[in-house]
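[1] coordinates only, sequence not included:
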């Protein structure tokens, strides 16, 4: 199932067959549609549509094309509409210097006023930008837009523009243009953008994908965008749909069922999520956000039993995986007995087993757990994340700050002697000293270090999984 994060359903081109168009969207796997407004009149219409159709949510706002004509009563009406529970964002707002139907100063004034409205109402923004990225980014920085949240709809900027938006915790809305033959710059920007900062959109009835050029665009055509984004990112259609759906749920705070996963797949690996518990509270962890990762909901309602995990494995074709990885939203060694029992089952079925751990299992259990891992685990990846105890405590916030860092290093030394493949990882947060971590890992301990990308979470991000 996918979500169309931007469609102008109140446009007159949908006047005769909107219900049929939405039915076609459902048939094509489109679960939700965000109906976007461009003025006070269309704002009222989108809200009405959101009440008429369960799968539709609404935005309200004034498009930069309408900035010169917008009157005080228009903004009063939009302000009042934000109280409606079906309204999920302020938009479509922004800057457009291409057609220039409104002077730049008027556009900026209206844009800034609506950013402030979004802040006051606690709503994200849907932003339009054409030939105006320098000014747009300057305004977003001045407005502290990272505290508001939003999406750059129909993104057409550079890789650097994309990076700056992502650094604010904003999303990029990707639509039909990514399917165009000459959209290489856009595809380059998508490749450079983390998957969990991308949204899919049609902008219907405008900008149909290449396969439907010359026709009115509609939400059912979102499947072409999904495939093109997946191709650019090296993801399957299902992975792209799952990740971008979760992104839309997160940004717009909309109701969508995303079942919790005990086992989840990423490319050729099957990951087992066996606990919510962890001895750390790392500020960069997905536990501090919404327990989601790559479109999966990893918040377990209950701790899974061995029988439940075995049943889950029995229902999967394990031959399609290169390995099974104990890695979820919690620390796998907190449930060591279960880990060892499941690992033995996996090994009997001829698969490689990897453990991703914070290295505090021995400290938590009060005994050296490394001997128990032998013959059960083929590879161990340890979260290093800092080069000193002080930095580790500040970033990872362990339950036992006096012993956690040293216990993790001791575990690494012991497991290196017992397990064939051992590595460290570090999340490249802005304040981590990568060089110091590399000297400790590879220089002193002779254990290879892998640097993991850090994606800043939006301050506006909320959890709305049912």
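    Cool, got the structure. The model shown is predicted, which means the values in this text are computed figures rather than measured ones.
[2] strands of the stretch 201-350 of the chain, residue ranges please.
    Using DSSP state E, counting those that start in this stretch, the strands found in the stretch 201-350 of the chain span residues 263-266, 269-272, 292-293, 296-297, 323-326.
[3] quick one: which of those is nearest residue 147?
    strand 292-293 (20.9 Å; CB to CB). Yep, even glycine has a C-beta here, placed from its N, CA and C like the rest.
[4] check the offset of the closest one from the chain's centre.
    Distance, stretch centre to chain centre, for strand 292-293: 7 Å (CA atoms, centre = their mean, to the nearest Å).
[5] name the residues that touch that strand?
    246, 250, 258, 286, 298, 329, 465 (CB atoms under 8 Å, 6 or more residues apart in numbering).
[6] about what we covered before: got the strands of the stretch 201-350 of the chain as CSV, with mean pLDDT, mean neighbour count and distance to residue 223 columns?
    CSV is the format used below for the strands of the stretch 201-350 of the chain (pLDDT from 0 to 100; neighbours: other CB atoms under 10 Å; distance: least, CB to CB, whole Å):
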stretch, mean pLDDT, mean neighbour count, distance to residue 223
strand 263-266, 91, 18, 21
strand 269-272, 95, 21, 27
strand 292-293, 80, 22, 23
strand 296-297, 88, 23, 21
strand 323-326, 96, 22, 30
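[7] now these in CSV, with distance to residue 112?
    Converted to CSV, those look like this (distance: least, CB to CB, whole Å):
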stretch, distance to residue 112
strand 263-266, 41
strand 269-272, 44
strand 292-293, 32
strand 296-297, 36
strand 323-326, 47
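[8] which two of the contacts of strand 292-293 lie the greatest distance from each other?
    250 and 329 (15.3 Å).
[9] give me the nearest residue to residue 283, chain neighbours excluded.
    Nearest non-adjacent residue to residue 283, counting by CB to CB, 6 or more residues apart in numbering: residue 395, 6.4 Å away.
[10] and the helix or strand harbouring the one you found, how far out from the chain's middle?
    According to DSSP states H and E, residue 395 maps onto helix 389-396. Its chain's C-alpha centre and that of helix 389-396 lie 26 Å apart, by CA atoms, centre = their mean.
[11] next secondary structure element downstream of that helix?
    helix 404-418.
[12] relative to helix 389-396, how tilted is the helix or strand following that following helix?
    Next helix or strand after helix 404-418 toward the C-terminus (DSSP H and E): strand 421-427. Put simply, strand 421-427 runs at 70 degrees to helix 389-396, going by axes from the mean of the first three to the mean of the last three CA atoms, to 10 degrees.
[13] mind listing what's buried in strand 421-427?
    Using 16 or more other CB atoms under 10 Å as the burial criterion, the residues of strand 421-427 that qualify are 422, 423, 424, 425, 426, 427.
[14] check whether the last one really touches residue 280, as I assumed.
    No - at 11.9 Å, residue 427 and residue 280 do not qualify as touching, with contact defined as CB atoms under 8 Å.
[15] can you tell me how far residue 400 is from residue 208?
    58 Å (CB to CB, to the nearest Å).
[16] name the helix or strand for residue 355, please.
    Counting by DSSP H and E, residue 355 is part of strand 352-357.
[17] do a quick rundown of the helices in the stretch 101-250 of the chain.
    Secondary structure of the stretch 101-250 of the chain, counting by DSSP state H, counting those that start in this stretch: helices at 104-121, 133-142, 159-167, 184-192, 222-233, 237-252.
[18] JSON lines for those helices, including mean pLDDT?
    Converted to JSON lines, the helices of the stretch 101-250 of the chain look like this (pLDDT from 0 to 100):
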{"stretch": "helix 104-121", "mean pLDDT": "95"}
{"stretch": "helix 133-142", "mean pLDDT": "96"}
{"stretch": "helix 159-167", "mean pLDDT": "95"}
{"stretch": "helix 184-192", "mean pLDDT": "97"}
{"stretch": "helix 222-233", "mean pLDDT": "98"}
{"stretch": "helix 237-252", "mean pLDDT": "94"}
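[19] now render those helices as JSON lines, adding mean neighbour count and distance to residue 340.
    Formatted as JSON lines, these follow (neighbours: other CB atoms under 10 Å; distance: least, CB to CB, whole Å):
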{"stretch": "helix 104-121", "mean neighbour count": "18", "distance to residue 340": "50"}
{"stretch": "helix 133-142", "mean neighbour count": "17", "distance to residue 340": "50"}
{"stretch": "helix 159-167", "mean neighbour count": "18", "distance to residue 340": "40"}
{"stretch": "helix 184-192", "mean neighbour count": "17", "distance to residue 340": "40"}
{"stretch": "helix 222-233", "mean neighbour count": "22", "distance to residue 340": "36"}
{"stretch": "helix 237-252", "mean neighbour count": "23", "distance to residue 340": "31"}
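[20] could I get those as a markdown table with distance to residue 32?
    Listed next are these as a markdown table, based on distance: least, CB to CB, whole Å:
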| stretch | distance to residue 32 |
| --- | --- |
| helix 104-121 | 20 |
| helix 133-142 | 26 |
| helix 159-167 | 23 |
| helix 184-192 | 22 |
| helix 222-233 | 11 |
| helix 237-252 | 7 |
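[21] check contacts around residue 279.
    Contacts of residue 279 (CB under 8 Å, 6+ apart): 331, 334, 358, 360, 363, 364, 398, 399, 400, 404.
[22] just the buried subset of those residues, please.
    Looks like the contacts of residue 279 have 331, 334, 358, 360, 363, 364, 398, 404 buried, using 16+ other CB under 10 Å.
[23] residue 31 reaches residue 242, doesn't it?
    No - between residue 31 and residue 242 there is no contact under CB under 8 Å: 11.3 Å.
[24] select the longest strand from the protein.
    Assignment by DSSP state E gives strand 87-96 as the longest strand of the chain.
[25] and that one, which strands flank it?
    strand 56-60 (parallel), strand 125-130 (parallel) (DSSP bridges).
[26] quick revisit: could you pull out the buried residues of the helix holding residue 395?
    389, 391, 392, 393, 395, 396.
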